[in-house]
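Colleague: Sequence first, predicted model second:
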Amino acid sequence: MVTTRAATAITGFLIAIVLIVGTMLYTAREQTADVTITNFDECVAAGGQMLETYPPQCRTASGATFTQDIGNALEISDRIHVTSPRPNAAIANPLTVTGEARGTWFFEATFPVRIEREDGTVLVQHYAQAQGEWMTENFVPFTATLTFDAPTSGRGTLILERSNPSDLPEHDAELRIPITFAGTAQRSVTLHYYNAARDRDASGNIQCSRAGIVPVERTIPRTITPIQDTVRALLAGDLTAQERAAGITTEFPLEQLTLRAASLDSGLLTLTLNDPLGNTSGGACRAGILWLQIEQTALQFPEVTRVRFEPDALFQP
């Protein structure tokens, strides 16, 4: 006859065996799953955790981290940067490319732009045009419109090449941005701008308050970094004629103001901006309205409960 003490010991032993076996099976399953995950896209497809970093990162269940390919955008950002399209965006025909490049990137106010398929086949080649005086070492806005027969799927590369009339190799340079041909995958987002008519007290004085922040609807390409994409769309400051006629305004875009990175931790969204000209400052009312537009836009995402900016000198009176 088995005693109570013996029965308890046997039960404990069996539970321990079950726990050990279960742990081994779980670990083996995770290790097996990770064996098949070798890059960022596979991590996303497997349901990995997306980190709000830039470049975007995906973390597997066992902690392996993969970084999305964004081309050489960071390495060459001191010479040229593109506002649209962002790396890995789904592009459609026609494609409008906008950004800023130093005057040394141009020759006679232009530089070559092309789109290549993944196999290197050139889909279209054209030129970007400076939107200002290009004979300078400062950043100059540019735009290019590319018309092409867009594949319905697959990957490609947008290439912005430095003008090099000398053909000397030491003057060659190019910005390479990975893109996708993903058809019309879009998502709806809300951008928040400002209407002074809604921000007045009983005496008609502007209060510089949240009361003047108003929403406008937009569609943007569906990517894995929706928060960053939405904030960048806000910073572009594109208002329609109808919205402006309704009294909606914004000071965005601000010259050379760019979003460099975003991170989300326990509801706190930290946005790192580059503002070399100090355009986010200039009076408590103005800085506060700029702040509120970004904050309210970010808060539409349920995972965001608070917003802070880096560096701390941003949006100061």
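Modeller: Yep, it's here. Residues are numbered from 1 along each chain as shown.
Colleague: So what touches whichever strand or helix holds Leu259?
Modeller: Secondary structure from DSSP states H and E places Leu259 in strand 258-265. Applying C-beta atoms under 8 Å, 6 or more residues apart in numbering, the contact partners of strand 258-265 are 51-54, 81, 83, 225, 227-228, 231-232, 235, 269-274, 303-304. Backbone N, C-alpha and C define where each C-beta goes, glycine included.
Colleague: Around Glu118, how many other residues sit close by?
Modeller: 13 (other C-beta atoms under 10 Å).
Colleague: What are the boundaries of the helices in the stretch 201-317 of the chain?
Modeller: Remark: helices assigned in the stretch 201-317 of the chain by DSSP state H, counting those that start in this stretch are 226-236, 241-245, 284-298.
Colleague: so can I have JSON lines of those helices showing mean neighbour count and mean pLDDT?
Modeller: What follows is the helices of the stretch 201-317 of the chain, written out as JSON lines (neighbours: other C-beta atoms under 10 Å; pLDDT from 0 to 100):
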{"stretch": "helix 226-236", "mean neighbour count": "20", "mean pLDDT": "94"}
{"stretch": "helix 241-245", "mean neighbour count": "11", "mean pLDDT": "94"}
{"stretch": "helix 284-298", "mean neighbour count": "19", "mean pLDDT": "97"}
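Colleague: In JSON lines: those, plus distance to Asn205.
Modeller: JSON lines is the format used below for the helices of the stretch 201-317 of the chain (distance: least, C-beta to C-beta, whole Å):
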{"stretch": "helix 226-236", "distance to Asn205": "27"}
{"stretch": "helix 241-245", "distance to Asn205": "23"}
{"stretch": "helix 284-298", "distance to Asn205": "11"}
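Colleague: what about the ones you listed, which gets the closest to Val216?
Modeller: Across the helices of the stretch 201-317 of the chain, Val216 has its closest neighbour in helix 241-245 (5.8 Å, C-beta to C-beta).
Colleague: List the contacts of that closest one.
Modeller: The contact list for helix 241-245 (C-beta under 8 Å, 6+ apart) reads Tyr193, Val216.
Colleague: Distance from the chain centre to that helix, please.
Modeller: Counting by C-alpha atoms, centre = their mean, to the nearest Å, helix 241-245 is centred 27 Å from the centre of its parent chain.
Colleague: again, but for stretch 131-147
Modeller: Here the centre of stretch 131-147 is set off from its chain's centre by 22 Å, with C-alpha atoms, centre = their mean.
Colleague: pLDDT averaged over that stretch, what's the number?
Modeller: Mean pLDDT, stretch 131-147: 95.
Colleague: So which bits of it are buried?
Modeller: Neighbour counts using 16 or more other C-beta atoms under 10 Å place Trp134, Phe139, Val140, Pro141, Phe142, Ala144, Leu146 of stretch 131-147 among the buried residues.
Colleague: per-domain residue ranges of this protein.
Modeller: 4-48, 80-180, 186-310 (automatic domain parsing).
Colleague: what's the first-to-last distance across the longest one?
Modeller: Translated: domain 186-310. The stretch domain 186-310 measures 29 Å between its terminal residues, going by C-alpha to C-alpha, to the nearest Å.
Colleague: pLDDT weak spots in the stretch 151-300 of the chain?
Modeller: Along the stretch 151-300 of the chain, the parts satisfying pLDDT under 70 run over 152, 182-185.
Colleague: Out of the domains of the chain, flag the one nearest Phe66.
Modeller: Shortest distance between Phe66 and those, using C-beta to C-beta, is found for domain 4-48: 4.2 Å.
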